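Enquirer: coordinates only, no sequence provided:
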Ligand SMILES: Nc1ncnc2c1ncn2[C@@H]1O[C@H](COP(=O)(O)OP(=O)(O)OP(=O)(O)O)[C@@H](O)[C@H]1O
């Protein structure tokens, strides 16, 4: 199995006016193709910081990070953007869909940035919308959909470019438990179909849907557990 994420001794320091925050203190994490890793831990332990570095939205102060065997050290901003577009899909708590575009156009965006042909875009967008069971809503606008449906569209957008890694930040945070359960069951199914997923969640019931649970405390990994996927109580 290919290694998708290879982080070694990652540190992150934020310089404040008076105090420096040492948000990540020597994180080493290797994630293989096909894994579903959940990241949990109390508020302020560094989960978002870790996800931002993994998603190349921020840089580490120290340590090395390779994604899909590409070394990210010393890259310029446009190179990071290119690697991000090529290798990573994102799903956020607040969906981050564009209301002035249709569902189809929202999902097509990552492929348009890559310069994919119109025919290929149509095929691929319809495929992923079917995968998340939303093809019948392709001409709707996001604000005409429920929260759960919007999150499924956001997941389709993350999938459309066939990324090596899908990063998911509190995907159920804005959803009621029924929609949250459905979104989580969809993520578990996508992982079974081969997607590599890293998910930050506060919800221990959902972290059990992952194949590995990583717990952070004060910027360090304090526990790592392989788990049998447990969808009990989740739709
Ligand atoms: N841009 C920033 N500037 C300064 N300090 C920051 C910045 N971002 C995060 N921090 C600090 O780094 C530490 C880790 O923050 P982070 O947001 O990664 O935690 P978290 O585990 O995601 O928290 P939460 O669960 O509340 O979202 C915290 O002490 C936070 O105050």
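Expert: Structure received. Keep in mind the model is a prediction, meaning the values are calculated, not measured. Residues are numbered from 1 along each chain as shown.

Enquirer: residue 9: which element?
Expert: Take DSSP states H and E as the rule and residue 9 turns out to sit in strand 3-15.

Enquirer: do that strand and the ligand meet?
Expert: Yes. Part of strand 3-15 sits near the ligand under the criterion C-beta under 6 Å from any ligand atom, namely residue 14. No exception for glycine: its C-beta is placed from N, CA and C like everyone else's.

Enquirer: distance from that strand to the middle of the chain?
Expert: 16 Å (C-alpha atoms, centre = their mean, to the nearest Å).

Enquirer: so for it, what gets flagged as buried?
Expert: Of the residues in strand 3-15, those scored as buried under the neighbour-count criterion (16 or more other C-beta atoms under 10 Å) are 4-7, 10, 12.

Enquirer: ok, now stretch 129-148?
Expert: The neighbour-count criterion (16+ other C-beta under 10 Å) identifies 129, 131-132, 134-135, 137-138, 141-142, 145, 147-148 as the buried residues of stretch 129-148.

Enquirer: thought residue 108 was touching residue 160?
Expert: Yes. The pair formed by residue 108 and residue 160 meets the contact definition of C-beta atoms under 8 Å, at 7.3 Å.

Enquirer: which one's more surrounded, those two?
Expert: Legend: neighbour count by other C-beta atoms under 10 Å for residue 108 and residue 160, higher for residue 160 (24 against 21).

Enquirer: measure the more buried one to residue 188 for me?
Expert: Using C-beta to C-beta, to the nearest Å, one obtains 20 Å as the distance from residue 160 to residue 188.

Enquirer: residues contacting the nearest residue to residue 61 once chain neighbours are set aside?
Expert: Leaving aside its chain neighbours, residue 61 sits nearest to residue 13 (4.6 Å; criterion: C-beta to C-beta, 6 or more residues apart in numbering). Neighbour list for residue 13: 20-23, 61 [criterion: C-beta atoms under 8 Å, 6 or more residues apart in numbering].

Enquirer: now with 7 Å?
Expert: Applying C-beta atoms under 7 Å, 6 or more residues apart in numbering, one finds that residue 13 lies in contact with 20-22, 61.

Enquirer: just the buried members of those residues?
Expert: Neighbour counting with 16+ other C-beta under 10 Å marks residue 61 as buried within those.

Enquirer: of the contacts of residue 13, list those near the ligand.
Expert: residue 21.

Enquirer: interface residues of the protein facing the ligand?
Expert: Counting by C-beta under 6 Å from any ligand atom, the residues of the chain lying close to the ligand are 14, 16, 21, 23, 41, 43-49.
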